[in-house]
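> Coordinates for the following, if possible.
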Amino acid sequence: MTPFGEKIRKLRQDNNIQLKEMAKNLKISSAYLSALEHGKRGRPAPGLIMQIADYFNLIWDDVDELKELAHVSHPRVVVDTSGMSPKATLLANLISRHIGELDEKIIDQILLEMGFDEFNITN
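Below you'll find the model as predicted:
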């Protein structure tokens with residue numbers, strides 16, 4: 001699941017809305033919405049992000065958060081380390097290879113070390 005997918009699911013659950021109902025109201029397939037929630041599809045189009053924001057009557061800060069979560073929610077990430085130090089390349093490759101083995105506590109520690117907490121991704 002991506003950060004964007006997790007946010008959409010939480011919004012749906014908090015508002016007691018079924019996935020099929022939301023998909024129908026947004027005029028998208030329930031399969032596509034499910035794939036977005038589960039991280040099996042890439043970033044949603046900006047228009048869909050705004051439709052979702054309108055659907056939940058989100059205010060400015062929440063709309064900005066939703067846009068940013070969508071931006072950082074591509075499930076297949078490519079990291080270009082050309083021009084960086086060998087250690088940066090090593091780190092990127094090791095994270096790529098072992099990300100699935102890290103537990104949430106370790107991931108939280110890495111995010112905190114980088115200056116991020118939860119989904120505070122504006123840094």
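
> so what's residue 6 up against?
residue 37 (Cβ atoms under 8 Å, 6 or more residues apart in numbering). Where you see a C-beta, it was placed from the backbone N, CA and C, and this is true even at glycine.

> What separation is there between it and residue 12?
As defined by Cβ to Cβ, to the nearest Å, residue 6 lies at a distance of 11 Å from residue 12.

> what about residue 69, which SS state?
In terms of secondary structure, residue 69 is helix; the call rests on DSSP: H, G, I helix; E, B strand; the rest coil.

> hey, what's in contact with both of residue 6 and residue 12?
Any residue near both residue 6 and residue 12 by Cβ under 8 Å, 6+ apart counts here, and not one turns up.

> roughly how far apart are the residue in the chain sticking out farthest from the centre and residue 97?
No residue in the chain sits farther from the centre than residue 86, which is 28.6 Å out by Cα atoms, centre = their mean. Separation of residue 86 from residue 97 (Cβ to Cβ) stands at 16 Å.

> now do residue 17
Using Cβ to Cβ, which is the criterion applied here, residue 17 is 38 Å from residue 97.

> Of the two, which one has the most company?
For residue 17 versus residue 97, neighbours defined as other Cβ atoms under 10 Å are more numerous around residue 17 (14 against 9).

> Which helix or strand contains that one?
With elements delineated by DSSP states H and E, residue 17 resides in a region that no helix or strand encompasses.

> What ranges does the chain have for its helices?
Across the chain, reading from the start of the chain, the helices by DSSP state H fall at 3-14, 19-26, 30-38, 46-55, 60-71, 86-98, 104-113.

> what does the last one contact?
Spelled out, it's helix 104-113. Helix 104-113 is contacted from outside by 102, 117, using Cβ under 8 Å, 6+ apart.

> Let me see the mean pLDDT of it.
Within the predicted structure, the mean pLDDT of helix 104-113 is 90.

> Send over it as CSV, restricted to the C-alpha atoms.
As requested, C-alpha coordinates have been extracted for helix 104-113 and formatted as CSV (Å, rounded to 0.1, in the frame of the first residue of the first chain):
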residue,chain,number,x,y,z
GLU,A,104,8.1,-0.5,10.6
LYS,A,105,10.3,0.5,13.6
ILE,A,106,13.4,0.6,11.4
ILE,A,107,11.6,2.5,8.7
ASP,A,108,10.3,5.0,11.2
GLN,A,109,13.9,5.5,12.6
ILE,A,110,15.2,6.1,9.1
LEU,A,111,12.4,8.6,8.3
LEU,A,112,13.0,10.4,11.6
GLU,A,113,16.8,10.5,10.9
